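S.K.: Have a look at this prediction, sequence included:
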Amino acid sequence: MHDSPLSILIAGAGPTGLSAAIELTRLGVPVRILEKETSRSGLSRALGINARSLELLEESGVTERLLERARKVYGISFRQGKELLWRVEFSRVNHQYRFILVYPQHSTEETLEERLNQLGISVERGVALETFKDEGEFVSVQLSNGETGNYRYLFGADGSHSTVRHQLELNFSGHRETHPWSLADVKLAWNLDEPDANVIFLPSGMVFIMRISGDVYRIAADRPEVLEQLPKEVSVGEILWQTDFFVSHRLVERYSVGRIFLGGDAAHLHSPLGGRGMNLGIEDAIRFARRCNEGTLPEYAAERLAAGKRTVKLVSRITSIATAKNPVLRALRTHFLPHLFRLPLINSRIATAMSGL
Ligand SMILES: Cc1cc2nc3c(=O)[nH]c(=O)nc-3n(C[C@H](O)[C@H](O)[C@H](O)COP(=O)(O)OP(=O)(O)OC[C@H]3O[C@@H](n4cnc5c(N)ncnc54)[C@H](O)[C@@H]3O)c2cc1C
């Protein structure tokens, strides 16, 4: 029943795979979605859902649910210590969604999976894609449960260590930063413009602080020991999650080979600054599904490679400015850029780019 050559096989049930499965099913294209893990990660990871994702998930009914459940953030304040340098204002974006939704990734995935189940499709957990071969007319696959089968296309939404990308021997060029960054979800007592997300430049680097819900905040820094980077007046309560991680900026050389396609972290990686990672994956997924339905799939690879290139380049630049150690760049960031970024046209362009539009 599963191995109809008319079905599309999706490897990975993160935000990218789930979004692809929902959109394909909504459009009447048969799918099967596999997830190698037996249960969903409970980690908050990506927190921001941008206007572009909300627009793309509207027709499937996911956006309506996300809007009911998640908190809205209308601006990002950039500060030097306590001083406000400039504020990115989403109210300047010419769009119906003039905000970023703040929702932990596991809750976003739960919302997506709930909708997929309503459409009659379940994620098959504990089943991994092991090997595959493009046979010309179809893709043959071997799964970890011993099953073999044939599919019309394979969509690799299997994350940064993608089996699909590795087996296609595709270049994933770019670089990994040599020092770790850190993040934590913690309970905080704090009263600094708390409806906004905040990026605070410090002599030692940069720290990001945003309320998730209630008194729980996400803190991230471009160095280890995130809690030590906090301003003195902030008092830390319970620590819910804390981790160090290495930032990579990478882009796959091709988004498709024959009947096999890639999307999400399997195709692109960049720093969390700008909150584009998960959103770009959702965009890949919806574009894949729509092109598949329209019969324009050959154009998917070029379209997504261009989008991936633009985003990785932009996020890489934002990251260099935000984490600059060079005194000249730091002075420019404090004394010149705020004047530029306060100009309405520039401010709205930045807000529009951060909204994924
Ligand atoms: C610590 C941390 C913090 C982050 N913070 C942010 C943030 O603030 N903002 C932001 O935008 N992004 C953030 N990200 C990145 C964000 O989580 C990813 O961009 C997002 O998860 C990508 O979604 P995806 O579906 O493409 O891949 P993933 O979420 O990685 O999903 C891939 C899925 O495929 C499964 N899989 C792998 N191999 C196979 C196989 N062979 N067969 C079947 N299944 C397979 C995996 O188990 C996984 O569930 C963060 C990531 C981490 C780790």
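M.R.: That came through fine.
S.K.: How about the residues of this structure by the ligand?
M.R.: For the chain, the residues in contact with the ligand (CB under 6 Å from any ligand atom) are 11-17, 34-37, 45-48, 105, 128-129, 157-159, 163, 243, 245, 264-265, 272, 275-278, 281. For the C-beta atoms, the positions are set from N, CA and C on the backbone; glycine is no exception.
S.K.: out of the residues you listed, which are buried?
M.R.: Using 16 or more other CB atoms under 10 Å as the burial test, the residues of the chain next to the ligand include 11-17, 34-36, 45-48, 105, 129, 157-159, 163, 264-265, 272, 275-278, 281 as buried.
S.K.: Among those, which lie within strands?
M.R.: Among these, the residues falling in strands (DSSP state E) are A11, L34, E35, G48, L129.
S.K.: got a pLDDT number for the residue in the stretch 101-250 of the chain that the ligand sits nearest to?
M.R.: In the stretch 101-250 of the chain, the residue that lies nearest the ligand is G159 (2.8 Å; CB to the nearest ligand atom). Looking at G159, its pLDDT stands at 97.
S.K.: what's the answer for A285, then?
M.R.: Predicted confidence (pLDDT) for A285: 98.
S.K.: List the contacts of it.
M.R.: Contact analysis of A285 by CB atoms under 8 Å, 6 or more residues apart in numbering lists P15, T16, G17, L18, S19, A20, E23, F155, A157, G263, G264.
S.K.: The same query, at a cut-off of 7 Å, please.
M.R.: Listed by CB atoms under 7 Å, 6 or more residues apart in numbering, the contact set of A285 reads T16, S19, A20, E23, A157, G263, G264.
S.K.: which residues touch whichever residue of the stretch 201-350 of the chain sits closest to the ligand?
M.R.: Per CB to the nearest ligand atom, the residue of the stretch 201-350 of the chain with the smallest distance to the ligand is G264, at 2.2 Å. For G264, the contacting residues are G14, T16, A157, G159, G281, D284, A285, by CB under 7 Å, 6+ apart.
S.K.: what separates P327 from A51, distance-wise?
M.R.: Applying CB to CB, to the nearest Å, the value for P327 to A51 is 36 Å.
S.K.: Name the residue in these two with the higher neighbour count.
M.R.: A direct count of neighbours by other CB atoms under 10 Å for P327 and A51 places A51 higher, at 23 against 8.
S.K.: just the helices in the stretch 101-250 of the chain please.
M.R.: For the stretch 101-250 of the chain, the helices defined by DSSP state H, counting those that start in this stretch cover 105-118, 163-167.
S.K.: Strands of the stretch 51-200 of the chain, residue ranges please.
M.R.: With DSSP state E, counting those that start in this stretch as the criterion, the stretch 51-200 of the chain has strands at 71-73, 75-80, 83-89, 100-102, 124-125, 129-134, 139-143, 148-151, 153-156, 172-176, 181-189, 197-202.
S.K.: Thanks a lot, catch you later.
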